[in-house]
Each structure stands twice: as C-alpha cells, then as structure tokens.
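*Asks:* here is the input, now give the coordinates:
(one chain, ligands or ions: 1)
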Amino acid sequence: MAAAGDPVNLPSLGSRNLFPELATRVYANHASLSPPSQPVIDAVSACLAQYARDGMGCYATEVERRERLRAQLADLIGAPAQDLALVANTTAGVLAVALGLPWRRGDRVLLFDGEFPTNITPWQQAAQREGLELVWMNADDFRTDRAGALEKLEDHLRAGIRLVAVSAVQFTTGQRMPLEAIGALCRRHDSELFVDAIQAMGVVPLDVEACAIDYLTCGSHKWLMGPEGTGCFYARHAAATRLEPNVAGWLSHEDPFAFLTRSPGELRYDRPLLSTARMVESGTPHTLATAGLEASVGLIDAIGVGSIFEHVQAWHEAVEPGLIERGFASARMSEVDGRSGILSVRTDDPAAGPAWSQALAGHGIASASPDGWLRLSPHWPNRIDEADAVLAAVDEILVGGGPKVR
Ligand SMILES: Cc1ncc(COP(=O)(O)O)c(C=O)c1O
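*Replies:* Predicted structure coming up:
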C-alpha cells in the first residue's frame, strides 16, 4: 500500500495511475458513479482495519475526521465550515428542508420539469401534506433561451414564490443553470434558493455566497469521487435557524456525547437542538464512506476544481466536433458558464440513446443514456486523446450496422 504523500499517490490530470483496478478502456460515466481511486480504497481499508484493531477506540479519531471533512467540503463551495453537515445522500438534504420549513398553506414552490426526481419527490410530498402549490418551469428553456427563461422566472417570483428548488447542473443535458442570476432574482423577490449540487460539486466551481444559495445538498459518489452513502448539506446560518428540527435525532443536540463520557446526571432529553445545518446529522454516520470521501476530496483539492473544469472542457472539445460531424446533435452550450462535466448528444431518433450507450460499452467505453441522451462525463483522470478511441468506436458501430445517427 502506497503511503499518502508518496509521489505514486499524487493525482495528475489525464492520468489513471491512481485507478489501477479500472478495467473500462474509457470511463466517461462520472455523472453516474465514480470508480474509487487507490487512495480511496486505501483510506476505507485503513479505517476498517483500525476499527478491527481498536473498536470504539477509533471514535475520537473519526469525530476529528468528520470535522476536517466538513471544512474541506465547505471550502469547495465557499461556505463557513459551521454551516455544513455530513448526510447520507443528496435526498437527505432535500428532505431536511422539505420537512423542516415552517410552511403556510398556499406557499408556492418553484420546480423544474426535467430535473432528476431527487429534487422533486420530497417537494411533492410536502405539497400534499402542507397544502403547497407547485409551480413548474421547463429546465431546458434555460439552455435554449436563457434570457427568456430568466424573465419568465422573474414573473413567477413577482407573483410570490416561497422557495426555488433547482439542480446546479441538469443531469440529462449537462446544462449548468445560471445560479448567480437565479440567486440574485430570488434575493430581489424574497424567495429562498435550494440547490441540488451533485452534478456540479467537484468539477464545476461553485460559490454559495456569489449565488445567494440558502440550502445546498450533494451526494458523494459522482464528481466528488467518494464511495456511495455520504454527502453534505449546507444551510446558510440564517436559513438553518428557520428550519424546524423535524429530522432531528440524538446527535442533533448540543453536547450529545455528554451522557456517555461524563459523570451521572448528564442523561437528559432537554438539551437544546443545534440551530445550524448540523441539526440534520441525526444518528451514527457511515464512517467508511466518510474516510473514502476525505481521500477523494483531498485529490480534487490537490488539483483544484478550476483546473479540473478546464481539463474536462478540453476532453469535451476533443470529442464533440467528431460526434457532430457524424450527425449527432450536442446539448453543450456555447457559453462557458452554461457548461459542466457532462457532454450529452443525441441522434434524430430520440429513442436511440440507450442503444448507443450499450454499443459503446461493447467497445470499452462507459457512458450513460438518461432520458434518451447519450451522456459522456469524464473527470480529471481521463486522457484527452481518449477522443480517438470514442470516435473510432462510433465509426466501428456505424460500419457494423449498429444504431443509426440519422
Ligand atoms: C441531479 C441529481 N440529483 C440527485 C441524484 C441522486 O440522489 P441521491 O444522492 O439522493 O441518491 C442524482 C443521480 O443519481 C442526480 O443526477
């Protein structure tokens, strides 16, 4: 096992040296799930080995690790560490707010058609229970007519919207939403802004202050490149104080370990609940996933999200023209601020996406086909010259009589 800090363990753009187990020739499916790097595998194994050796003796070390990880993740979104909590997945953050806001009957929540259901289902449930009105916009309008869509959004906000819930990046087309403009409009019209960041954090620069984001949630297993089962939830301090503690548990109290570590008389049930994002850390966390996430975020920090974004754009630019030449239509926006880690294309036949993704898998190229798009999503370990392999595979599929483009 290589030690941390060993040059062999240093990440480098365009190099798979930290992914010795990765069998797929071109892995361009980080928007679905990132395969763990060797440092992630080592961190999880070391954590498990330490538990095997010391049992409860590890606990204090792991409390410290969580403290470090909150600060690392907060740094990635420009937030203070005390406003960030570790959660099980993206959904946990949506639920904390959908269940926690003190809703009034008739409050209006603005959602986007085309979003991944994580950022829809909990709001629908809240709407049924609390008598909320759901207002819908089409997410793809922000790609095809951004200025027009922002105007329409402002019309809705003017009519009164309690909260806007949106993904930073659309999982189908890769459209990066104009969060700065959306945040400024929300501020102007006194609405709250909730962001699902799982398709952005780790590959797209994000700043909760610049975008006036009130709440943000993100799972670990895509662009953060950690194991499944953990993630983070951010709530601006003032926004966190508005949340009712409807998902609180024993760890949501101030000084929750007092009754386990101090003299008798500390076992009380009236300790105040935290009024920060940390309130949502309700019970025992997924320690192994936390250890893995600390390692993967360490690699992202070592390279820098800005450099990762540029590298991924270079990969897209190497692949996209060849796909367009062969007849695919690309969803990638011409404006850089509308781009992300995702390059999605489609053929004249909207049903052909899954067939293309399967055919590429047969040539050692991992992609995905959400809602019919053919989605390619490389990350920092992908080599720019993988474009040759992708385009050669497309040609072989066409020559072999596979799915058509036109
Ligand atoms: C935009 C988006 N949000 C959320 C998720 C997943 O949510 P969760 O982490 O709760 O499983 C995905 C993909 O799995 C996604 O693409």
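
*Asks:* contacts and neighbour counts: CA atoms only from here.
*Replies:* Fine.

*Asks:* and Thr144, backbone torsions?
*Replies:* Dihedral angles of Thr144 (phi, psi; degrees, to the nearest 10) stand at phi -90, psi -30.

*Asks:* burial count for it?
*Replies:* Neighbour count of Thr144, defined by other Cα atoms under 10 Å: 13.

*Asks:* okay, now the unreliable bits of the protein?
*Replies:* Applying pLDDT under 70 to the chain flags residues 1-8.

*Asks:* what's the single longest helix in it?
*Replies:* Ranked by number of residues, the top helix in the chain under DSSP state H is helix 305-325.

*Asks:* that one: which residues count as buried?
*Replies:* For helix 305-325, the neighbour count (16 or more other Cα atoms under 10 Å) marks 305, 307-313, 315-316, 318-320, 322-323 as buried.

*Asks:* can you name every helix or strand that it contacts?
*Replies:* With contacts taken as 3 or more Cα pairs under 8 Å, 6 or more residues apart in numbering; DSSP states H and E, helix 305-325 sits against strand 329-330, strand 343-346, helix 386-399.

*Asks:* if you set the cut-off to 10 Å instead, what comes out?
*Replies:* helix 287-303, strand 329-330, strand 343-346, helix 386-399 (3 or more Cα pairs under 10 Å, 6 or more residues apart in numbering; DSSP states H and E).

*Asks:* how big is the angle separating it from helix 386-399?
*Replies:* 30 degrees (axes from the mean of the first three to the mean of the last three Cα atoms, to 10 degrees).

*Asks:* what distance separates helix 305-325 from the centre of its chain?
*Replies:* For helix 305-325, the separation from the chain centroid amounts to 20 Å (computed by Cα atoms, centre = their mean, to the nearest Å).

*Asks:* near the ligand, which residues of the chain show up?
*Replies:* 89-91, 116, 118, 167, 171, 196, 198-199, 219 (Cα under 6 Å from any ligand atom).

*Asks:* greatest separation within those residues: which pair is it?
*Replies:* Within the residues of the chain next to the ligand, two members stand farthest from each other by Cα to Cα: Asn89 and Phe171, at 16.2 Å.

*Asks:* how much space between Arg406 and Val312?
*Replies:* To Val312, Arg406 is 28 Å away according to Cα to Cα, to the nearest Å.

*Asks:* coming back round to it: could you list which of the residues of the chain next to the ligand belong to strands?
*Replies:* Taking DSSP state E as the definition of strands, the residues of the chain next to the ligand contribute 167, 196, 219.
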